[in-house]
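Peer 1: Would you be able to build a 3D model of this:
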Amino acid sequence: MNQAIRFNTSGAPDVLSLQARPVNAPAAGEALIRHTAIGVNFIDTYHRSGLYPLPLPSGLGLEAAGVVEAIAADVQHLRVGDRVAYAGGAPGAYSQRRTLPASLLVRLPDDISDDTAACVMLQGMTVEYLIRRTFAVTPGQTVLWHAAAGGVGQIAVQWLTSLGVTVIGTVGSDEKAAIARTLGCQHIINYQHENVVARVRDITGGRGVPVVYDSVGKDTFAISLDCLAPRGMLVSFGNASGAVPAFTPLLLSQKGSLFFTRPKLADYIASRSELESSAEALFERLRAGAIKVQPSARYALADAAQAHADLEARRTTGSIILQP
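Peer 2: Predicted coordinates:
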């Protein structure tokens with residue numbers, strides 16, 4: 001019997017439990033996957049807590065790598081035995097096996113390990129669309145990235161630096177500052193004892209940055225706006241500290257005709273061609289050595305609640321995975 005993490009009510013990490021669940025044979029357009037490594041992402045905590053409500057009871061998790069065990073007769077781009085990975089679709093990755101639409105699956109190149117794929121697909125494709133399509137960053141620009149030592153932040157710092165972009169990164173501890181520095185972050189601001197806006201203005205000669213990437217949310221919203229140059233863009237793509245407060249559009253005008261966007265990965269990999277293009281761009285950066293990613297912590301599938309507790313308490317740095 002397949003084992004999977006489930007929850008019957010929203011709440012703290014202790015609502016998660018390991019349960020025996022049947023697995024359906026693939027219907028039309030589907031594939032059955034045996035997971036080998038499962039990614040843990042902040043969005044999983046939003047689903048569990050109810051910030052992003054799901055119909056309950058529910059599974060959890062959006063990202064994993066594994067091996068194809070069965071496919072429907074109409075699936076043409078996969079074969080049994082293929083190594084694959086995915087990011088997105090309905091929650092349910094916290095499991096030993098699952099059946100899901102084959103259109104979500106990307107075949108893994110031989111030089112990309114399962115562990116790497118499980119901790120890089122969602123975060124890496126998120127970085128891809130944020131820096132190449134939401135706001136197309138160009139060499140020579142300076143950007144502000146909050147949580148530069150987090151899972152997405154670590155990939156972003158490496159990718160941006162490889163493009164000749166100057167990264168100003170915020171962190172919450174000296175340990176995380178050291179991590180960001182080793183990844184190539186040129187300017188590091190510890191928000192625990194430094195004024196982020198003053199430092200950004202000083203670094204940019206008073207002008208501000210053209211774009212701020214903000215996954216923190218409530219605690220950094222006002223700071224992010226004040227760090228932008230006129231006609232700059234605030235890209236809000238997460239809520240680690242809580243949801244961004246309601247604001248009037250007039251605020252954007254008052255602070256320099258600013259742009260505000262709240263994108264999500266699903267809308268940037270909605271077609272098969274977009275998914276494959278995003279994944280290939282990520283794989284290319286990995287092959288080139290511009291991005292180096294390995295999980296910083298591993299938890300047993302049964303310990304998913306502890307993984308969530310550590311993630312929310314910011315006791316982790318970089319990517320973490322569950323082992324089925």
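Peer 1: okay but Met108 is in contact with Asp115, surely?
Peer 2: No Met there; residue 108 is Leu. No - between Leu108 and Asp115 there is no contact under C-beta atoms under 8 Å: 11.1 Å. For the C-beta atoms, the positions are set from N, CA and C on the backbone; glycine is no exception.
Peer 1: hey, what's in contact with both of the two?
Peer 2: Here Leu108 and Asp115 share the contacting residues Ala65, scored by C-beta atoms under 8 Å, 6 or more residues apart in numbering.
Peer 1: which residue sits closest to Ala229, ignoring its sequence neighbours?
Peer 2: Leaving aside its chain neighbours, Ala229 sits nearest to Gly208 (3.8 Å; criterion: C-beta to C-beta, 6 or more residues apart in numbering).
Peer 1: From Pro55, how far off is the one you found?
Peer 2: Look at Gly208 and Pro55: by C-beta to C-beta, to the nearest Å, they are 42 Å apart.
Peer 1: And the two? Which one has more around it.
Peer 2: Neighbour tally, Gly208 and Pro55, criterion other C-beta atoms under 10 Å: the higher count belongs to Gly208, 23 against 5.
Peer 1: Now do the phi/psi pair for the residue nearest to Ala229.
Peer 2: Taking degrees, to the nearest 10, you get phi 100, psi 180 for the backbone angles of Gly208.
Peer 1: What of Val212?
Peer 2: phi -120, psi 130.
Peer 1: Pretty sure Tyr129 sits against Ser278.
Peer 2: Yes - Tyr129 is within contact range of Ser278, at 6.4 Å (criterion: C-beta under 8 Å).
Peer 1: Find residues that contact each of these two.
Peer 2: Counting by C-beta under 8 Å, 6+ apart, the residues touching both Tyr129 and Ser278 are 268-269.
Peer 1: And for Val196, the neighbour number?
Peer 2: Neighbours of Val196 using other C-beta under 10 Å come to 19.
Peer 1: and it, what pLDDT?
Peer 2: Per-residue confidence (pLDDT) for Val196: 97.
Peer 1: give the contact list for it.
Peer 2: 170, 189, 220, 223, 227.
Peer 1: Quick one: end-to-end length of stretch 75-92, please.
Peer 2: Stretch 75-92 has an end-to-end distance of 21 Å (criterion: C-alpha to C-alpha, to the nearest Å).
Peer 1: Does Gly184 fall in a helix, a strand, or a coil region?
Peer 2: coil (DSSP: H, G, I helix; E, B strand; the rest coil).
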